[in-house]
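Asker: predicted model and sequence follow; I will ask about them next.
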Amino acid sequence: MEQNSSIEDPPFDFGRLRRFPDVEAPNLFAHDATDELILREASGALSAHDGGRVAIVGDRYGALTLAAATLHGLSGLRVHQDGRSGELALAANAARLGLEGSYSSMPLDAGLVRDAAVVLWQLPRSLEEVAEVAQLISAHASPEVRIFAGGRIKHMTVAMNAVLSQYFSSVIPGRAWRKSRPLVVGEPLATGQRGEGPASDFPKKEYHADLGLWLCAHGATFGGTKVDVGTRFLLGFVDQMRPGAAAAVDLGCGNGTIAAALAKARPALRVTATDQSAAAVAATMETAAANGLADRIDTVRDDALDSFAPASAELIVLNPPFHVGAAVHAGIAHKLFAAAARVLAPGGELWCVYNRHLDYKDALARTVGETSVMGRNSKFTVTKSTKTL
């Protein structure tokens, strides 16, 4: 049960933060109580160290980074955000607040946490992602590192503590506040104490005999090494997708299932796989390599095809998410439809699969062009939208 607290709002104006270019809506926010709680728990530790020994993981839109820089006068903060839209939002928020030089965006690797004494961490819901980040910190941060983590209570489980306890001997829950709860974690276990060989067992890898494909995944890769059921339905239409096309785009590539299936089924096709998730792009690269397709699949980390030239694509394939972070929201799908419409050449095709109850057909017709239902089962609809000439 949540406990009351006398925590006061810190002297940082979170209201100045925006989510843009991520989806913005009245019920979507650029920070939550977890950010404030983590910062309060970490205040003493942040004051005792310079920014070069502080790493931040999972900052959504810059609340942790920019508040830490402001409240403690820190620079040299090392920050990893899986989502490209979050990186762009952090950059825009930093520019607005005059804090552009206070941090560096970094990949999720040893350099992010090397010799870090303090880590601020917005906990993900995925236990696999918790494990991958915990492994990294345990292996490369300072032996005296203290991790100030937190999340919304509804997304936190005892299993998270169990995962963290595999890599740290101290995992201490704090008092709940405004439906969030902190964890203070420390005392990394040596590899031998964990009973493991390598410092990390990511990426994961799984063979799917029905597709004849290996699928790879990092902790933050949506769906892990599994085949999404909507994607599986969509793959039944691969041969019908813009026959004769020389190139295709897998928009929102995840673990690379669609990109690999397209490349395998159509040897003349070159595929560009793109996602805003760093974990997804890395997983797709590894999936391509595992299936001997690395020479025909290119990967691009991008926010909604932002770096793609207008009218440049013959074929785009999409299984859009129906959530923004933890919130169910159709905004991201409509953002991706608009991106596809911009990048498709006249006569180009967008093939899309979505939950049947969402009924995106009219939106696709308005945004992209003539849209036909190509298949439907009890759960999903597959459509083809042709870019208006």
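Answerer: Great, that's in hand.

Asker: and the helix or strand harbouring residue 65, average pLDDT?
Answerer: Here residue 65, judged by DSSP states H and E, is contained in helix 63-72. Mean pLDDT, computed over helix 63-72, is 97.

Asker: any idea which helix or strand comes after it?
Answerer: strand 77-80.

Asker: okay, now the sheet partners of that following strand, with direction.
Answerer: Paired with strand 77-80 in the same sheet, following DSSP bridges, are strand 54-57 (parallel), strand 103-105 (parallel).

Asker: which of those strands sits closest to residue 387?
Answerer: strand 103-105 (33.8 Å; Cβ to Cβ). Where C-beta positions appear, they are placed from N, C-alpha and C, glycine not excepted.

Asker: first-to-last residue distance for stretch 156-173?
Answerer: 11 Å (Cα to Cα, to the nearest Å).

Asker: quick one: that stretch to chain centroid distance?
Answerer: 22 Å (Cα atoms, centre = their mean, to the nearest Å).

Asker: what's next to it, contact-wise?
Answerer: 123, 127, 130-131, 134-135, 137-138, 147, 151, 181-189, 194 (Cβ atoms under 8 Å, 6 or more residues apart in numbering).

Asker: which stretches of the stretch 151-300 of the chain form strands?
Answerer: Per DSSP state E, counting those that start in this stretch, the stretch 151-300 of the chain carries strands over the ranges 168-173, 180-188, 204-208, 213-217, 247-251, 270-275, 297-301.

Asker: where does the stretch 251-389 of the chain have low pLDDT?
Answerer: 322-330 (pLDDT under 70).

Asker: next, the buried residues of stretch 236-249.
Answerer: 238, 241, 242, 245, 248, 249 (16 or more other Cβ atoms under 10 Å).

Asker: which one of the residues you listed is nearest residue 46?
Answerer: Nearest member of these to residue 46, counting by Cβ to Cβ, is residue 249, at 42.3 Å.

Asker: follow-up on the earlier one: among the buried residues of stretch 236-249, which pair sits farthest apart?
Answerer: Spatially, the most separated pair among these is 238 and 249, at 14.2 Å (Cβ to Cβ).

Asker: run a quick neighbour tally on the residue nearest to residue 242 when sequence neighbours are not counted.
Answerer: What sits nearest to residue 242 in space, not counting adjacent residues and going by Cβ to Cβ, 6 or more residues apart in numbering, is residue 315, at 4.1 Å. Using other Cβ atoms under 10 Å, residue 315 has 23 other residues around it.

Asker: tell me which element residue 315 is part of?
Answerer: Counting by DSSP H and E, residue 315 is part of strand 313-318.

Asker: parallel or antiparallel, which strands does that strand pair with?
Answerer: strand 247-251 (parallel), strand 344-355 (parallel).

Asker: among these, which is the most enclosed?
Answerer: strand 247-251 (a mean of 25; mean count of other Cβ atoms under 10 Å).

Asker: any residues touching the strand holding residue 315, and which ones?
Answerer: For strand 313-318, using Cβ under 8 Å, 6+ apart, the contacting residues are 234, 241-242, 245-252, 258, 262, 336, 340, 343-345, 348-353.

Asker: just the CA trace of the helix holding residue 65, in CSV.
Answerer: Extracted in CSV, the C-alpha atoms of helix 63-72 (Å, rounded to 0.1, in the frame of the first residue of the first chain):
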residue,chain,number,x,y,z
ALA,A,63,13.5,15.2,-16.4
LEU,A,64,16.2,13.3,-14.5
THR,A,65,19.1,14.7,-16.6
LEU,A,66,18.1,18.3,-16.6
ALA,A,67,16.9,18.4,-13.0
ALA,A,68,20.1,16.8,-11.8
ALA,A,69,22.2,19.3,-13.9
THR,A,70,20.1,22.3,-12.5
LEU,A,71,19.8,21.3,-8.9
HIS,A,72,23.4,20.1,-8.4
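
Asker: show me what that helix is packed up against.
Answerer: helix 33-47, strand 54-57, strand 77-80, helix 84-97, strand 118-122 (3 or more Cβ pairs under 8 Å, 6 or more residues apart in numbering; DSSP states H and E).
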